[in-house]
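Chemist: Sequence first, then the predicted structure, then my questions.
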Amino acid sequence: MTTRGQSVDRRGNHGTVSIVTASYAGDFERCRLLCETVDRHVTGFDEHLILVAAHDVRLFRQLETPNRRIIDERALLPNWLHAVRDPASLFSRHLWLSFRTMPLRGWHVQQLRRMAIAEHVKGDALLYCDSDVVFLRDFDCSGLWLEEGLRFFRRENVLQDPKLGKQRRWMANADQALGLGDAGNCQNDYIATVIAWRRETLAAMCRHIEELHGRHWVEVIAASRDFSECMLYGRFVDGVLNGAGHSPTDDGLCHIYWYGPSPGDGDLARFVDHMTPGQVAIGLQSFIGTDIASIRRLIKAA
């Protein structure tokens with residue numbers, strides 16, 4: 001088991017980077033936009049991996065290039081977790097079922113894929129980009145390596161906001177999975193739509209959970225549907241490793257439109273105008289329903 005303060009990677013403040021996106025058929029056109037803007041603006045990475053369910057692999061194959069691969073979740077997740085058509089949605093959506101976890105929705109399983117990929121690639125860092133993200137400015141992934149280690153997104157003491165009850169549940173479950181109890185009663189937020197993690201740290205986190213609970217890490221985490229992969233990784237880094245190998249910052253790489261009405265062209269232009277100098281991408285949550293053509297016009301004008 002990893003002990004607190006123990007570093008899992010002592011190779012210095014530089015290394016290779018893989019971009020990782022977990023997606024699904026409903027976000028395919030948004031994911032296509034992400035890929036186009038990655039190809040246009042992002043350098044300094046080895047490969048872009050798109051993680052999808054088995055039933056979406058054929059659709060996403062269209063996006064493959066020499067440095068972009070589509071990964072079937074069956075190569076990542078345990079074989080006792082099965083995707084089935086959900087009768088409650090008239091069989092238009094899927095549930096993931098097993099005797100070891102709660103029934104899971106697609107967004108839960110996307111998080112599990114993002115964690116599972118650590119054992120299947122060799123890169124030193126993983127740059128996660130949601131499929132509803134588009135890059136508007138040039139970005140060199142070598143900039144993820146800072147003086148103290150890999151760039152580590154953390155907003156301190158924001159969970160005190162009473163509106164963030166869901167995030168506090170995610171934090172409590174992360175502490176339970178990691179064996180931290182209510183250690184420090186952490187109020188930090190670690191969630192972003194473009195975020196970097198050390199691959200070996202992520203793999204160590206999964207091993208830590210298994211050694212602590214004597215069960216597969218997926219079984220432990222998915223015993224509840226209130227979990228967040230970002231909270232888990234952030235708490236592991238801060239609560240178990242004491243930040244070793246990471247350089248914390250609250251300056252996000254992505255300007256995010258979390259909630260609200262679907263923005264029109266003028267709203268999008270004003271939203272982009274409010275990007276900070278350090279932000280290189282925007283994230284327009286797919287459930288808001290922003291018109292794809294509007295996003296394309298925004299990209300062309302940027």
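Modeler: All right, it came through fine.
Chemist: So the residue nearest the centre of the chain, which state does it fall into?
Modeler: Nearest to the geometric centre of the chain sits residue 128, at 4.9 Å (CA atoms, centre = their mean). Here residue 128 is strand, with the state taken from DSSP: H, G, I helix; E, B strand; the rest coil.
Chemist: so it makes contact with residue 23?
Modeler: No - using CB atoms under 8 Å, residue 128 is not in contact with residue 23, being 11.6 Å away. All C-beta atoms are positioned from the backbone trio N, CA, C, and that covers glycine.
Chemist: could you pull out the strands for the stretch 201-302 of the chain?
Modeler: 246-249, 254-257, 281-284 (DSSP state E, counting those that start in this stretch).
Chemist: possible to save these as a markdown table with distance to residue 161?
Modeler: Shown next, in a markdown table, are those (distance: least, CB to CB, whole Å):
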| stretch | distance to residue 161 |
| --- | --- |
| strand 246-249 | 20 |
| strand 254-257 | 16 |
| strand 281-284 | 20 |
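Chemist: Tell me which of these lies nearest to residue 220.
Modeler: Residue 220 sits nearest to strand 246-249 of all the strands of the stretch 201-302 of the chain, at 23.2 Å, using CB to CB.
Chemist: Please name the strands paired to that closest one in the sheet, noting orientation.
Modeler: strand 149-153 (parallel) (DSSP bridges).
Chemist: hmm, who's touching the helix or strand following the strand it pairs with?
Modeler: Downstream of strand 149-153, the first helix or strand assigned by DSSP states H and E is helix 165-178. For helix 165-178, the external contacting residues (CB atoms under 8 Å, 6 or more residues apart in numbering) are 159, 180-183, 186, 189, 191, 205, 208-209, 212-213, 220-221, 224, 226-228, 231-232, 234-236, 239-240.
Chemist: A PyMOL selection for the residues you listed, restricted to the buried ones, would help me check which they are.
Modeler: One line in PyMOL is enough to select the buried ones among these; burial here means 16 or more other CB atoms under 10 Å:
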select buried, resi 159+180+186+189+191+205+208+209+213+220+221+224+227+228+231+232+234+235+236+239+240
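Chemist: Just the contacts of helix 165-178: which are in helices?
Modeler: 205, 208, 209, 212, 213, 220, 221, 231, 232, 234, 235 (DSSP state H).
Chemist: And those, which is closest to residue 101?
Modeler: residue 221 (8.4 Å).
Chemist: That closest one: what's it in contact with?
Modeler: So residue 221 contacts 112, 115, 173, 177, 209, 227, 232 (CB under 8 Å, 6+ apart).
Chemist: Please look at the fifth one and residue 218 and confirm they touch.
Modeler: Read that as residue 209. No - the pair residue 209 / residue 218 is not scored as a contact, 9.3 Å apart, by CB under 8 Å.
Chemist: For residue 195, name its beta-bridge partners.
Modeler: Beta-bridge partners of residue 195, as defined by DSSP bridges: residue 128.
Chemist: do residue 134 as well
Modeler: Bridge pairing for residue 134 - DSSP bridges - gives residue 282.
Chemist: What count of nearby residues applies to residue 121?
Modeler: 18 (other CB atoms under 10 Å).
Chemist: Distance-wise, check it relative to residue 264.
Modeler: Noted for residue 121: a distance of 39 Å to residue 264, by CB to CB, to the nearest Å.
Chemist: go on, residue 244?
Modeler: 46 Å.
Chemist: And these two? Which one has more around it.
Modeler: The neighbour count for residue 244 versus residue 264, taken as other CB under 10 Å, is higher for residue 244 (18 against 11).
Chemist: for the more buried one, phi and psi?
Modeler: phi -60, psi 130 (degrees, to the nearest 10).
Chemist: repeat for residue 71
Modeler: Per-residue torsions, residue 71: phi -110, psi 120 (degrees, to the nearest 10).
Chemist: What pLDDT is listed against it?
Modeler: pLDDT recorded at residue 71 is 98.
Chemist: The one 10 residues further on now?
Modeler: At residue 81 the predicted local distance difference test score is 96.
Chemist: Show the contacting residues for it.
Modeler: Neighbours of residue 81 in contact, by CB under 8 Å, 6+ apart: 96, 97, 98, 100, 101, 104, 109, 112, 218.
Chemist: swap in residue 236?
Modeler: So residue 236 contacts 178, 201, 204, 205, 208 (CB under 8 Å, 6+ apart).
Chemist: swap the cut-off to 7 Å and go again
Modeler: 178, 205 (CB atoms under 7 Å, 6 or more residues apart in numbering).
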